[in-house]
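Visitor: sequence and computational prediction follow.
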Amino acid sequence: MARSKQRIPVKNGPAAHTRSKDPGNNAKAGASSSTGATTRSSQQQQLESGPSGTVQPQPPRKNLDWNALNPKTDHYEFGGPVGALAMVLFLPLLVLIFAFGCDDTGYNPFERFYSFALDISQGKFTGEMLWSMVTSWQPVSLLWLTIFLGNLATFSAMLPGEEILGTELRDGSRLVYKPNALQMLQTVFMLTMMSTKGQGFRVPLWVHDNFAHIAVATLIVSFLVSIGVYIKSFFGGPKLLALGGNTGNPIYDFMIGRELNPRIGKFDIKFFTELRPGLLGWLVLDVCFALTQYAQLGRVTNSMILVVAFQAWYIFDALYNEASILTTMDITTDGFGFMLAFGNLTWVPIVYSMQARYLADFPIDLSIVQVIAIIALQLGGYYIFRSANSQKDKFRQSTDNPDGLEFMETKAGTRLITSGWWGKARHINYLGDWLMSIAWCLPCGFDSVIPYFYCIYFAILLIHRERRDDAKCKKKYGEDWDRYCSIVKSRIIPGVY
């Protein structure tokens with residue numbers, strides 16, 4: 001679920017993910033590998049690249065003990081099987097509540113859901129009413145989504161792009177990737193504009209009016225993909241499983257992801273899903289909502305311009321830096337299951353486009369002072385976000401420390417930055433990401449709290465991600481991590497948290 005950005009983070013993680021999808025997503029704060037035959041720097045990986053078809057994957061080592069490579073997972077995250085089941089059930093329900101409970105008559109989804117649940121408990125909801133709801137769904141939305149995803153898969157294979165070797169995996173292999181998401185962005189945007197020019201506002205108005213049906217379609221695809229990759233993980237010969245998704249509990253493994261890098265031939269399902277469908281779908285929805293507002297008002301409000309511009313900027317930045325996700329935990333460590341499939345195929349496009357959707361239903365004109373203040377917040381957040389990540393990436397790619405940053409050596413052979421941005425907080429990039437999320441919500445005014453769900457949820461997501469990363473680093477570095485934390489005391493917000 002990527003604004004983990006998630007990405008997201010997208011990110012994010014869209015982490016995840018999640019929305020937090022920045023190049024530092026799920027990576028160690030300021031960590032840089034300096035030794036070890038099985039660890040390659042980003043700079044080395046960039047050198048081992050070339051035009052499409054010229055880079056060959058690095059095969060696994062010979063005579064591998066696959067049982068040793070895929071040990072049984074002995075710990076749970078996210079509340080174990082119970083928490084996993086809750087996520088599988090209630091996150092899709094939350095998406096449906098937002099999709100069906102918000103329209104141009106009001107953004108009060110939880111009140112509507114409460115009334116609906118009350119009718120069920122009092123026996124007022126009949127089978128005929130249920131059947132009417134089921135049959136009112138527009139199957140054409142699933143066809144529309146299938147065509148959209150099919151086009152993205154085709155663009156992924158056909159559009160040019162430099163091929164790059166990923167990081168070395170536990171079996172010694174390195175997979176080949178083609179980060180051409182930026183070319184896909186240009187193609188999708190061009191086709192969207194051509195469609196609008198040729199058909200007028202028919203398509204964006206249809207998307208706006210059938211948004212809830214599209215949300216259902218994304219849920220169907222998310223579950224189908226999740227079920228498919230889970231079943232696939234048991235067939236097809238030896239393969240790397242995620243260290244965190246091999247518990248043997250089907251509910252937990254289905255949610256967290258069992259297979260590390262599920263592929264169909266050369267098509268990498270996880271890499272394709274990580275950014276492209278979620279971010280490009282999010283942008284298409286934003287543009288459709290802006291065009292809907294134009295069709296209804298004859299103009300686009302400055303609040304809508306800010307939201308679409310900020311989010312398009314973020315999407316462009318993430319796709320421009322797509323190669324950076326190859327070193328993130330989403331790609332190198334986490335399995336591909338419901339959490340990533342749902343996060344990137346449903347959560348990112350449906351939930352993250354909420355501000356543009358709200359402004360299509362309730363247009364708002366901001367004062368010049370408000371516009372300047374919101375732009376300043378966005379620019380400030382982006383400056384922290386990008387400059388911090390760039391500082392870390394430059395440090396990791398260099399052996400001579402050109403910026404003169406202070407750092408500490410660990411017994412694991414890793415350098416941890418203790419000055420610059422990373423001396424202020426261990427995840428200072430998360431602060432910039434969160435400030436941008438607030439700037440996206442402020443143009444919606446204060447008549448409804450629903451558009452602010454995103455920045456509230458995102459704060460919780462970033463705190464959880466920081467805690468998860470802290471636990472992993474503590475396990476890896478031991479006393480060195482305690483010493484590092486005594487130097488860089490703040491987690492995300494300097495002097496506050």
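Guide: Sure thing, it's come through.

Visitor: report the spatially nearest residue to residue 72, omitting neighbours in sequence.
Guide: residue 246 (6.1 Å; CB to CB, 6 or more residues apart in numbering). Where C-beta positions appear, they are placed from N, C-alpha and C, glycine not excepted.

Visitor: and for residue 446, the neighbour number?
Guide: As a burial measure, residue 446 scores 9 neighbours (other CB atoms under 10 Å).

Visitor: could you do residue 162 as well?
Guide: Residue 162 - counted by other CB under 10 Å - has 16 other residues nearby.

Visitor: check what pLDDT it gets.
Guide: Note on residue 162: pLDDT of 91.

Visitor: is it true that it touches residue 178?
Guide: Yes - with contact defined as CB atoms under 8 Å, residue 162 counts as touching residue 178 (7.3 Å).

Visitor: quick revisit: just to be sure, the residue nearest to residue 72 is in a strand?
Guide: No - using DSSP: H, G, I helix; E, B strand; the rest coil, the secondary structure at residue 246 is coil, not a strand.

Visitor: ok, which stretches of the stretch 1-150 of the chain are helices?
Guide: Here the stretch 1-150 of the chain has its helices, by DSSP state H, counting those that start in this stretch, at 42-47, 66-69, 80-101, 109-121, 127-135, 140-158.

Visitor: for the ones you listed, give me a markdown table that also has mean pLDDT, mean neighbour count and distance to residue 253.
Guide: Shown next, in a markdown table, are these (pLDDT from 0 to 100; neighbours: other CB atoms under 10 Å; distance: least, CB to CB, whole Å):
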| stretch | mean pLDDT | mean neighbour count | distance to residue 253 |
| --- | --- | --- | --- |
| helix 42-47 | 40 | 15 | 30 |
| helix 66-69 | 89 | 12 | 17 |
| helix 80-101 | 95 | 17 | 9 |
| helix 109-121 | 83 | 13 | 30 |
| helix 127-135 | 73 | 9 | 30 |
| helix 140-158 | 95 | 16 | 25 |
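
Visitor: turn the ones you listed into a markdown table, including distance to residue 297.
Guide: Formatted as a markdown table, the helices of the stretch 1-150 of the chain follow (distance: least, CB to CB, whole Å):
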| stretch | distance to residue 297 |
| --- | --- |
| helix 42-47 | 46 |
| helix 66-69 | 59 |
| helix 80-101 | 24 |
| helix 109-121 | 24 |
| helix 127-135 | 32 |
| helix 140-158 | 25 |
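
Visitor: out of those helices, nearest to residue 480?
Guide: Of all the helices of the stretch 1-150 of the chain, helix 42-47 sits nearest to residue 480, with 22.4 Å by CB to CB.

Visitor: ranges for the strands of the stretch 151-300 of the chain?
Guide: Along the stretch 151-300 of the chain, the segments classed as strands by DSSP state E, counting those that start in this stretch run 163-165, 176-177, 263-264, 267-268.

Visitor: rewinding a little: identify whichever of the helices of the stretch 1-150 of the chain lies nearest to residue 174.
Guide: For these, proximity to residue 174 was assessed by CB to CB; helix 42-47 is nearest, at 8.6 Å.

Visitor: these two touch, right, residue 480 and residue 411?
Guide: Yes - contact criterion CB under 8 Å: residue 480 and residue 411 qualify, at 5.9 Å.

Visitor: neighbour count winner among the two?
Guide: Between residue 480 and residue 411, residue 480 has the larger neighbour count (other CB under 10 Å), namely 18 against 9.

Visitor: SS state for that one?
Guide: Assignment for residue 480 (three-state DSSP): helix.

Visitor: just give me how far the one helix or strand residue 305 maps to sits from the chain centre.
Guide: Per DSSP states H and E, residue 305 falls inside helix 302-320. Relative to the centre of its chain, helix 302-320 is centred 15 Å away, using CA atoms, centre = their mean, to the nearest Å.

Visitor: cool, stretch 59-72 as well?
Guide: With CA atoms, centre = their mean as the basis, stretch 59-72 stands 30 Å off its chain's centre.

Visitor: next one: stretch 80-100
Guide: On CA atoms, centre = their mean, the centre of stretch 80-100 falls 17 Å from that of its chain.

Visitor: can you check stretch 183-203 too?
Guide: On CA atoms, centre = their mean, the centre of stretch 183-203 falls 24 Å from that of its chain.

Visitor: what mean pLDDT does it have?
Guide: Averaged over stretch 183-203, pLDDT sits at 87.

Visitor: burial measure for residue 211, as a count.
Guide: Neighbours around residue 211, by other CB under 10 Å: 22.

Visitor: no wait, residue 177
Guide: Neighbourhood size, residue 177 [other CB under 10 Å]: 25.

Visitor: gap between it and residue 58?
Guide: Note on residue 177: its distance to residue 58, by CB to CB, to the nearest Å, is 13 Å.

Visitor: between those two, what contacts are shared?
Guide: Between them, residue 177 and residue 58 share these contacting residues under CB atoms under 8 Å, 6 or more residues apart in numbering: residue 165.

Visitor: tell me where the model's unsure across the stretch 251-400 of the chain.
Guide: Within the stretch 251-400 of the chain, no range satisfies pLDDT under 70.

Visitor: please enumerate the helices of it.
Guide: Using DSSP H, counting those that start in this stretch, the helices of the stretch 251-400 of the chain run over 269-297, 302-320, 329-332, 338-342, 348-352, 354-361, 368-396.

Visitor: which helices and strands does the fourth one pack with?
Guide: Counting contacts by 3 or more CB pairs under 8 Å, 6 or more residues apart in numbering; DSSP states H and E, the secondary-structure elements packed against helix 338-342 are helix 80-101, helix 211-232, helix 250-256, helix 269-297.

Visitor: then that helix to CSV, C-alphas only?
Guide: This file holds the C-alpha atoms of helix 338-342, laid out as CSV (Å, rounded to 0.1, in the frame of the first residue of the first chain):
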residue,chain,number,x,y,z
PHE,A,338,-1.3,-9.3,-0.7
MET,A,339,0.3,-6.4,1.2
LEU,A,340,2.3,-5.2,-1.9
ALA,A,341,-0.3,-6.2,-4.5
PHE,A,342,-3.2,-4.5,-2.7
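
Visitor: now for residue 325, how many residues are close by?
Guide: Per other CB under 10 Å, the neighbour tally for residue 325 reads 29.

Visitor: dump the strands of the stretch 151-300 of the chain into CSV; add distance to residue 324 as well.
Guide: What follows is the strands of the stretch 151-300 of the chain, written out as CSV (distance: least, CB to CB, whole Å):
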stretch, distance to residue 324
strand 163-165, 11
strand 176-177, 12
strand 263-264, 21
strand 267-268, 16
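
Visitor: wait, which of the helices of the stretch 251-400 of the chain is closest to residue 222?
Guide: helix 338-342 (4.4 Å).

Visitor: measure the nearest residue to residue 331 once chain neighbours are set aside to residue 274 for me?
Guide: The spatial neighbour of residue 331 that comes closest, neighbours along the chain excluded (CB to CB, 6+ apart), is residue 325 at 5.8 Å. Applying CB to CB, the value for residue 325 to residue 274 is 6 Å.
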